[in-house]
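Peer 1: here you go, sequence then predicted model.
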Amino acid sequence: MIGFLLKRVLQAVFVIVAVTLLVSYAVRLTGDPAIMLSQGAGSVSEQDLQNIRQALGLNRPFPVQYLSYMQGIVTGDFGRSFMGGTSVAHLIGDALPATLLLAFVSLALSLVISVPLGVHAAVHKGKAADQAIRIFSLIGLSFPNFWLALMLVLLLSITFPLLPPSGWDGPVSLIMPALTMAVILSATNVRLVRTTMLETLSAQYVMVARSKGLRERVVLYKHALRNCSIPLITYMGLQFGGLIGGIVVIEKVFNWPGMGTLAFDAIASRDYPVLQGSVTVLALVIIIVNLLVDIAYGIVDPRIRIR
Amino acid sequence: MFTFTKTARALAAALAISGALASAPAHAAGTLNVAITQDAGSWDPIDTFVTWWGSVGSNLFDGLTMRGADMKLQPGLATSWEFLDNDTRIRFKLRDNVKFHDGEPFNADAVKFTFDRLLGPEGAKGPQQSNYNSIDKVVVVDEHTVDFVMKRPDPVILTKLAGYGGMIVPPKYIQEKGDAYFTEHPVGTGPFKFVEYKPKISLTLARNDDYWGGKPKLDQVVFRFIAEPATQVAELQAGRVDIATAIPLGLVDTIKKSSIAGVVSTSGPGTVVARYDTSRGITKDRDVRRALIMAVDRDAIIKQLLLGYAKPIASFQGDLSFGYDPALKPLPFNPAEAKKLLAKAGVKPGAAIQLDIRGSDSQFREVAQAIAGYLQGVGIKTTIKPYETPVLINDIIPQGKTGELWQMYWGGWTYDYDNTAYLMYHTGQKWNPYDKDAKLDAMLDAQRNTYKVDERQKTLRGIAAYVADNALEMPLYALDTVVGVNKRVKNLSVPGDIRFRFVEASVD
C-alpha cells in the first residue's frame, strides 16, 4: 500500500508540473494583461504599459516567471491578483470550500436519485417503469446543464419565488445548483446502476438470499448493491473531473462564490496569478479525489487490498 | 419503491423548509441593492481600470470637478477655477468645511497629496497615471487654493478631474494605514462611506450624514458582483436586486412585462463602427468605401437587432460626446446608388471582402451577419472572421493584418471625441495601422492645444466631418446604456457611463 501511494504521489507531482506549465504558457499567448488592464483608462502610451508590466513582474522572461510561481506554490504563496493585489491564496481559500461543498452535495444528491431508480429499473427490466426511467435518463443526458439551471431559476425563483436565484444566502442557495448538477449526473448514474445491478441479480448468491426468505429490500440493498459498488466508485471518481468542469458553468449561472466563478473572471481579465492558482488547486483536488477512490476500493473490496 | 417514495417525501420536505427560509424579506428598508458585472479588486482610485469601479467609486469619492447624469461639468470639491499665466496654470478654489469619512479635513494638502501620489511611483504601477500626466505638479497656494501647473495644454483635464484617478484621497489615513490597506478599506469625501468588502461577492456602503452635497436618502447601498447578465435579470425579477446593470436586449421585454421592474435607457459612451483597410484591396478607393456604407441599412439593424436601444451615427461618437455635430448626417441607405458607385470604381459583382469581429461579442455577430447580407445585395461577398478579442485588439489590428472591414468598439467615460479621434486617426497610433494623413494630424494636434471650448468644438466637428467625407469607417451606431430598475426605487438618475451617485435616490 505504501509503495502504491508513493507511486501515485510521484505521478501527482508530475501532473501538477505539466498542468501549471501548460496553463502558465497558454494564458500568456492570449494577450497582454497590461493592455487588458488599461483598456478602460483611455489613452495609454507604450511607457505606461511598460510601467504596468514592470509592476506586475511581466517583463521577466517566461521561465523566470514560471519558476518564481512554482517556488511560491511550494511555500504556499500563490501570488497576488493583478486586479487590486488581493492575495490569491485568500481568494482560493474563500472559493474552494464553496466549490467542494457544491460538488459533494451534487454527488450525494445524484446517488440519492440514481441508486433507487437504477435498482428499480433493473428489478423491473423491460417493464413500463424501466422504460420510463431509461427515457427520462436519456432526456437528462441531452439537457445542456446551463439551460436546466435557467429553467429552474425561472420556475423556483421567479414564477414561484421560493429560492434565491444566485449567490450564497445560506444552505437554501445550495438547492438549485446542486439539483442541476445532480440531474445531469444521475442521467448517467441511473444507467450504470441498472446495468451493474442486472449482472449482479443473475448471480447465485442473490438466488440463495431470496430462497432464504430474506425481504426483497434486504436482498437488493444489502447483498446485491454492495457488489455493484466497485464500478460505481470507479465511475464516480472519473466523473469528478467532469463534475468540476460542469460546476464552472453552473457556478457562473448561479453566481456561486466558488472556484469556477473565480477562474472564469480571471480568464476574462487575464489575471494570470488567479487563473494559475485556481487551475493548480483544482488539478490537485482531482488528483486527491482519484487517490481517495483507489483507497476506497480497498475498503469496499478486501480482495483488492491483498493484491 | 418504498425507498423511492421516502426520498421524494424527504425532498419535498427539504423544499418546503427552504421555501420558508427564503421567504425572509429580501431587502431591508432604506437599502439599495445594485448588481454590477465586475469586482474592481482595488478601491483605490489610482489602481482603477475597470469601468465598474466608477459605479462604486463615485459614491465614495469626489473629484475637484463633477459631472451630472446629463454629463455636464459642475463644481465638485472645487467651487471655481480659472486659467492663469497663458493657460499654463489652473487655479482651483476649494470647498470649505469638507471632511473625509475618517474625520480628517479636506484641504489643499489633500489635493497635493492625491496628485503627488498619482503622478509618482505609486501611480506608475497602475493605468490611471497616463490620463493625468499633462499635469506637471500641484502647488499649494493657501489652505483652500491650489494651482495645477501644466506640462502641456490638456483641454480634457477638467473632465478627467471628475472621475477615476483624479478622485481626492485622504493623506493622513493612507500614510498611517498604507496603500495596501487603503485598497480594501477606501475612505473618501463622497455621499457614502465604506462598510464592508467581500472580494468577488459584494461591497457595502452606508450613508455619510455629513456629506457636503446634502444628506443622502438611502441608509445603505449594497453592490453585488454578478458577471452573468441572465443571472442579474433573474435577481431583478426575484426582487433581490434593485438595479441590474447588464441587461441582454433579448430580455428587455421580459423585464418590462414583470410587475416589479422596469427598464431605463440613456445614451451610453460605447460606439460601434466597421473600419476599413484603406491601404489595399477594393476599400482603398473612397467611392467603394462610401458605396459599402450606403449598401447597409443601419437604421434597420438598430431597429431589428438592437431593438431600438442604439442611435444612428455619422461619426465615431454618440450624441452626448463633446465634438458631436447634430448637423452631420449619416450617408443614406441607398443600394442602387451603391451599385452605381461600385460599377464606376470597377468592382465586379462577386468581389470578396473580409469582416473581422470580436468572437465573444454575440450581439455584433448578428450585426455582422446583417451587414454581410446587405453587402450581398450589392454583389459583395463578405466572409465574417471571428477572433478572440485580445488577439484582435493586441495583434491583428496594430499589425495591420485585418480584413477589408474590421469591427471597432470604442468610447471613453470622458465623452470627449478627442479620446476616440486622436487614437483612431492620428498617424502612428496603435489603432491606426493604415492611414498617414498630415491634414488630419494637424487638426487632431490643434484641438489638443487649446482650452477655448468653442474653438475646440469646431475643430473636433471638422475632424468628424473630414473622416466622414473620406469614409475612413462605416459608422454603425452608438449603444444605449440599458439598466433594469425595481419600481420601488425613486428619484434615480441613470448616467450613461454607469457612474451612479445615489444622493437623491430612495427606496419605498
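Peer 2: Received, thanks. Numbering: from 1, shown residues only, chains lettered A, B, ... in the order given.
Peer 1: for the residue of the stretch 51-200 of chain A found nearest chain B, give me the pLDDT.
Peer 2: The minimum distance from the stretch 51-200 of chain A to chain B, using Cβ to the nearest Cβ, falls at A:Gly84 (2.7 Å). Where you see a C-beta, it was placed from the backbone N, CA and C, and this is true even at glycine. A:Gly84 is assigned 77 on the pLDDT scale.
Peer 1: ok, now B:Ile17?
Peer 2: Value for B:Ile17, per-residue pLDDT: 45.
Peer 1: quick one: low-confidence parts of chain A?
Peer 2: A:1, A:38-45, A:304-307 (pLDDT under 70).
Peer 1: going along the chain, name the helices of it.
Peer 2: Ranges of helices in chain A, per DSSP state H, are A:2-28, A:33-38, A:46-56, A:62-74, A:88-123, A:128-142, A:145-153, A:172-201, A:204-211, A:216-218, A:225-254, A:259-268, A:272-300, A:302-306.
Peer 1: for B:Pro475, grab phi and psi.
Peer 2: phi -70, psi 130 (degrees, to the nearest 10).
Peer 1: ok, the one 5 residues further on next?
Peer 2: Main-chain torsions, B:Asp480, degrees, to the nearest 10: phi -80, psi 150.
Peer 1: same list (the helices of chain A) but as CSV, adding mean neighbour count and distance to B:Asn491.
Peer 2: Rendered in CSV, the data for those read as follows (neighbours: other Cβ atoms under 10 Å in any protein chain shown; distance: least, Cβ to Cβ, whole Å):
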stretch, mean neighbour count, distance to B:Asn491
helix A:2-28, 13, 45
helix A:33-38, 22, 35
helix A:46-56, 17, 39
helix A:62-74, 14, 50
helix A:88-123, 20, 36
helix A:128-142, 14, 48
helix A:145-153, 19, 30
helix A:172-201, 22, 32
helix A:204-211, 13, 73
helix A:216-218, 12, 65
helix A:225-254, 19, 32
helix A:259-268, 23, 33
helix A:272-300, 19, 39
helix A:302-306, 10, 70
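Peer 1: figure out which of those is closest to B:Ala29.
Peer 2: helix A:172-201 (22.4 Å; Cβ to Cβ).
Peer 1: right, is the closest one up against chain B?
Peer 2: Yes. Using Cβ under 8 Å from any Cβ of the partner chain, we find that helix A:172-201 touches chain B at A:172, A:175.
Peer 1: quick check: which element contains B:Val264?
Peer 2: strand B:261-276 (DSSP states H and E).
Peer 1: that strand and chain A in contact?
Peer 2: No. Using Cβ under 8 Å from any Cβ, strand B:261-276 stays clear of chain A, coming no nearer than 10.5 Å.
Peer 1: that strand - contacts with which helices or strands?
Peer 2: helix B:252-257, helix B:362-377, strand B:405-410, strand B:473-486 (3 or more Cβ pairs under 8 Å, 6 or more residues apart in numbering or on different chains; DSSP states H and E).
Peer 1: mind checking which of the ones you listed is nearest A:Leu156?
Peer 2: Closest to A:Leu156 of the helices and strands packed on strand B:261-276, according to Cβ to Cβ: helix B:252-257, at 16.8 Å.
Peer 1: is the closest one anywhere near chain A?
Peer 2: No. Residues of helix B:252-257 contacting chain A under Cβ under 8 Å from any Cβ: none, with a closest distance of 9.4 Å.
Peer 1: hey, C-alpha coordinates of that helix in CSV?
Peer 2: Coordinates of the C-alpha atoms in helix B:252-257 are reproduced here as CSV (Å, rounded to 0.1, in the frame of the first residue of the first chain):
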residue,chain,number,x,y,z
VAL,B,252,-35.8,43.8,-22.0
ASP,B,253,-39.4,42.8,-22.9
THR,B,254,-39.5,40.2,-20.1
ILE,B,255,-38.5,42.8,-17.6
LYS,B,256,-41.0,45.3,-18.9
LYS,B,257,-43.7,42.7,-18.6
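Peer 1: what's near enough to touch B:Pro386?
Peer 2: Counting by Cβ atoms under 8 Å, 6 or more residues apart in numbering or on different chains, B:Pro386 makes contact with B:357-359, B:365.
Peer 1: sitting in helices, which of those do you find?
Peer 2: B:Arg365.
Peer 1: which of the contacts of B:Pro386 sit farthest apart?
Peer 2: B:Arg358 and B:Arg365 (8.7 Å).
Peer 1: give me the phi and psi for the one residue in the stretch 201-307 of chain A that gets nearest to chain B.
Peer 2: Going by Cβ to the nearest Cβ, chain B is nearest to A:Asn255 of the stretch 201-307 of chain A, at 4.7 Å. Phi and psi for A:Asn255, reported as degrees, to the nearest 10, are phi 50, psi 40.
Peer 1: my guess is the residue of the stretch 51-200 of chain A closest to chain B contacts B:Asp47. True?
Peer 2: Yes. Using Cβ atoms under 8 Å, A:Gly84 is in contact with B:Asp47, at 6.2 Å.
Peer 1: of those two, who's got more company?
Peer 2: Taking neighbours as other Cβ atoms under 10 Å in any protein chain shown, A:Gly84 and B:Asp47 compare with B:Asp47 leading, 26 against 22.
Peer 1: now the helix or strand just after the strand holding B:Val264 against strand B:473-486, angle please.
Peer 2: The helix or strand immediately downstream of strand B:261-276 is helix B:286-295, counting by DSSP H and E. Per axes from the mean of the first three to the mean of the last three Cα atoms, to 10 degrees, the angle that helix B:286-295 makes with strand B:473-486 is 30 degrees.
Peer 1: tell me which other helices or strands the helix or strand just after helix B:286-295 touches.
Peer 2: Under the assignment DSSP H and E, the closest C-terminal helix or strand after helix B:286-295 is helix B:298-304. Judged by 3+ Cβ pairs under 8 Å, 6+ apart, the packing partners of helix B:298-304 are strand B:310-312, helix B:362-377, strand B:473-486.
Peer 1: so who does the residue lying closest to A:Thr188 once chain neighbours are set aside touch?
Peer 2: Nearest non-adjacent residue to A:Thr188, counting by Cβ to Cβ, 6 or more residues apart in numbering or on different chains: A:Leu141, 6.7 Å away. Listed by Cβ under 8 Å, 6+ apart, the contact set of A:Leu141 reads A:184, A:187-188.
Peer 1: roughly how far apart are A:Leu141 and B:Gln369?
Peer 2: When distance is defined by Cβ to Cβ, to the nearest Å, A:Leu141 is 32 Å away from B:Gln369.
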